[in-house]
Every structure is written in structure tokens, then in C-alpha cells.
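Participant: For reference, the sequence and a predicted model appear below.
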Amino acid sequence: MVRTKICNNLQETYEYARDFAMQLAPGTVVALYGGLGAGKTAFTQGVALALGVEEPVTSPTYALWQTYQGDLVLHHFDLYRLDTPQQVFSIGFEDAINSDAVTLIEWPERLEDYIPVPRVEVYIDRIDEEKRSICIQEIL
């Protein structure tokens, strides 16, 4: 099933992400696609809020991976600066995606062959400064 929504501002993006997160089961892997500034981290922040994460969620661009504790564990990967797949495997990527945590991966195209199926793909397109098109698709 494919769902698409136009979010007119940041608050609507958070709300849509929170609604999406309420449907996530432990162990779900979510691949977040979109260009720089599309809103991948904002979407992740909305998911984190829904999962009960209380600490600030930021993009782990330089660390590659951050883990947050909420009602479920949330792993947040940002592969933008990934040089080689081995770089992310050396920090425990396989353990993370095979756990009971919810795992969100920004820039998954950098590791495409290693992102498991089933997964959920979220495509975020920037329409203008505030407005985003968010398309969600389950890959089985």
C-alpha cells in the first residue's frame, strides 16, 4: 500500500510522522529518502516523539548512528557521509537492524543492497520552504 500526504508546515510533518509511528512494530526498519533539507530528520523527530523519546533528536551525520530510549528503542542512522559499507557495519548496523528496535535510516541508497526486506520506505520531497510531499510505501 502507498500513502501520500502533503504537509504544509513543520508541525504537520511532525503530526504525520507521529501518526505513522503509532503503526510501527518492534523490529521495523524504515528507509528515509529525500534530498538535503527535505525533512528526513524532522520526520524522525516526529516518530521519536510518538515513541516516547524525551531527549532532543538530531541528525547523526558525523556519528552515523544514534540510539534513543522511549517506549521502544529507536536507532537513527544517517549514512550521508558513509564512505564504505564496512564503515557502518563496523559500528553494529547488522545488530541494530536485526533487533526489536525501530530503525530509521537516512540516505539508505548509500547502503541499498543491505537494507532488509520487509521494510517501510518514506520518500520526502520538498515542495517549497515549508511544504513537503511525504509518500510511504511498504516493501514486502
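Facilitator: Looks like it came in fine.
Participant: okay, which residue is most central for this protein?
Facilitator: Relative to the mean C-alpha position of the chain, the nearest C-alpha, by CA atoms, centre = their mean, is the one of residue 104, at 3.1 Å.
Participant: Who does the helix or strand hosting it pair with, and is each partner parallel or antiparallel?
Facilitator: Take DSSP states H and E as the rule and residue 104 turns out to sit in strand 102-106. Strand pairing for strand 102-106, using DSSP bridges, gives strand 29-33 (parallel), strand 73-78 (parallel).
Participant: mind saving the C-alpha coords of the last one as CSV?
Facilitator: I take that to be strand 73-78. As requested, C-alpha coordinates have been extracted for strand 73-78 and formatted as CSV (Å, rounded to 0.1, in the frame of the first residue of the first chain):
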residue,chain,number,x,y,z
VAL,A,73,14.3,1.7,21.3
LEU,A,74,14.9,3.9,18.3
HIS,A,75,18.0,3.6,16.2
HIS,A,76,18.6,6.6,13.9
PHE,A,77,21.2,6.2,11.1
ASP,A,78,22.4,9.0,8.8
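Participant: so where's the chain shaky on pLDDT?
Facilitator: When the per-residue scores of the chain are filtered using pLDDT under 70, no range remains.
Participant: mind listing the strands in it by residue range?
Facilitator: If DSSP state E is used as the criterion, the strands of the chain fall at 2-7, 29-33, 65-69, 73-78, 102-106, 119-126, 132-139.
Participant: Now for the residue nearest to the centre of the chain: which residues touch it?
Facilitator: Under the criterion of CB atoms under 8 Å, 6 or more residues apart in numbering, the contact list for residue 104 reads 30, 32, 44, 47, 74-77. For glycine as for every other residue, the C-beta is placed from the backbone atoms N, C-alpha and C.
Participant: ok, of those residues, which come out buried?
Facilitator: Among the contacts of residue 104, those classed as buried by neighbour count (16 or more other CB atoms under 10 Å) are 30, 32, 44, 47, 74-77.
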